[in-house]
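Student: what follows is a predicted structure for the sequence shown.
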Number of protein chains: 2
Amino acid sequence: MKENVSGCSVEEAMRLLGGRWRLLLASFLLDGPKRFNELRRHVPNISQRMLTLDLRALEEAGLVKRTVYPEVPVKVEYSLTVEGERLRKIVSVLQEFGLWLKDRKTAT
Amino acid sequence: MKENVSGCSVEEAMRLLGGRWRLLLASFLLDGPKRFNELRRHVPNISQRMLTLDLRALEEAGLVKRTVYPEVPVKVEYSLTVEGERLRKIVSVLQEFGLWLKDRKTAT
DNA sequence: CGGAATCCCTTCCGATACTG
DNA sequence: CAGTATCGGAAGGGATTCCG
């Protein structure tokens, strides 16, 4: 079955991006590099822990690059890699859908 | 902040579609209406339970329509609503990304 | 055929405290 | 500033059994 091949690929994609925060974080990184606490401010509800874990996951997947500037105090910057740019379409399509969801609720 | 508005919309979208199976199920329904056990065959790893729960969630969101034909034995068909067609772009973008993920692993 | 009900395990995620 | 460590609760999901 050919459908299973493309089907599984949706599953794989969701396994990587399916968490609560990952695509949300990506949406901010698409605007440009961000520091750790800068991301926290953009996403007030995320805990330090999840911010770290999710950034690590995206890094491991090669979508995000972590750069440490050895100043005092340390400065760490997260940016999308070239491959991470592939998230742009996903984020934008999901944003559009999410906005439609909200409008529909409001409109009742 | 404007970014928070669009940001939250990503979160909302993921809250509805973020599970392991929902978009996968949608991807098959995009091909046309399917019966319960037909969907099970397409997605062999899903349990009855999750199939039911996820279909119900999509139904409640107005994206899927459930039609019962009162034959013996019963026949139940699931189809996308007009609004459910909005999932097409999401699924296709995610399929593309998932395929890229797999290719990358294979290529190593 | 298309479920519902129950039980149980795993993963996600938040809160808190501590660190170089 | 940018983390790590640990704990505990909540949610996601699987296996099995029973039903109209």
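Tutor: Ah, there it is. From a predicted model like this one, the values you see are computed outputs, not experimental measurements.

Student: can you report how many residues lie near residue A:17?
Tutor: By other C-beta atoms under 10 Å in any protein chain shown, 24 other residues sit near residue A:17. Bear in mind the C-beta positions are built from the backbone N, C-alpha and C, glycine included.

Student: residue A:92 now?
Tutor: Residue A:92 has 16 nearby residues by other C-beta under 10 Å.

Student: can you read off the pLDDT for it?
Tutor: Predicted confidence (pLDDT) for residue A:92: 96.

Student: that one sits in which helix or strand?
Tutor: Assigned by DSSP states H and E, residue A:92 belongs to helix A:87-107.

Student: same question for residue A:32.
Tutor: Under DSSP H and E, no helix or strand contains residue A:32.

Student: surely it meets residue A:42?
Tutor: No. Using C-beta atoms under 8 Å as the test, residue A:32 is too far from residue A:42 to be in contact (11.7 Å).

Student: who has more neighbours out of these two?
Tutor: Remark: of residue A:32 and residue A:42, residue A:42 carries more neighbours, 19 against 9, as counted by other C-beta under 10 Å.

Student: strands along chain A, start to end?
Tutor: Applying DSSP state E to chain A gives strands spanning A:34-35, A:64-69, A:75-80.

Student: follow-up on the earlier one: are the helix holding residue A:92 and chain B in contact anywhere?
Tutor: Yes. Applying C-beta under 8 Å from any C-beta of the partner chain, one finds helix A:87-107 touching chain B at A:87, A:89-91, A:93-95, A:97-102, A:104.

Student: and stretch A:35-52, by the same measure?
Tutor: Yes. Applying C-beta under 8 Å from any C-beta, one finds stretch A:35-52 in contact with chain B at A:42, A:43.

Student: residues in contact with that stretch?
Tutor: Outside stretch A:35-52, the residues within contact range by C-beta atoms under 8 Å, 6 or more residues apart in numbering or on different chains are A:20-21, A:24-25, A:28-29, A:34, A:55, A:75-78, B:3-4, B:7.

Student: quick one on the thing from earlier: out of the residues of helix A:87-107 next to chain B, who's the most crowded?
Tutor: Counting neighbours by other C-beta under 10 Å, the top entry in these is residue A:94, with 28 neighbours.

Student: what residues are up against the closest residue to that one other than its chain neighbours?
Tutor: The spatially closest residue to residue A:94, leaving aside those adjacent along the chain, is residue B:13, at 4.6 Å (C-beta to C-beta, 6 or more residues apart in numbering or on different chains). For residue B:13, the contacting residues are A:94, A:95, A:97, A:98, A:101, by C-beta under 8 Å, 6+ apart.

Student: at 7 Å instead, please
Tutor: Residues near residue B:13 by C-beta atoms under 7 Å, 6 or more residues apart in numbering or on different chains: A:94, A:97, A:98, A:101.

Student: would you mind measuring from it to residue B:85?
Tutor: 16 Å (C-beta to C-beta, to the nearest Å).
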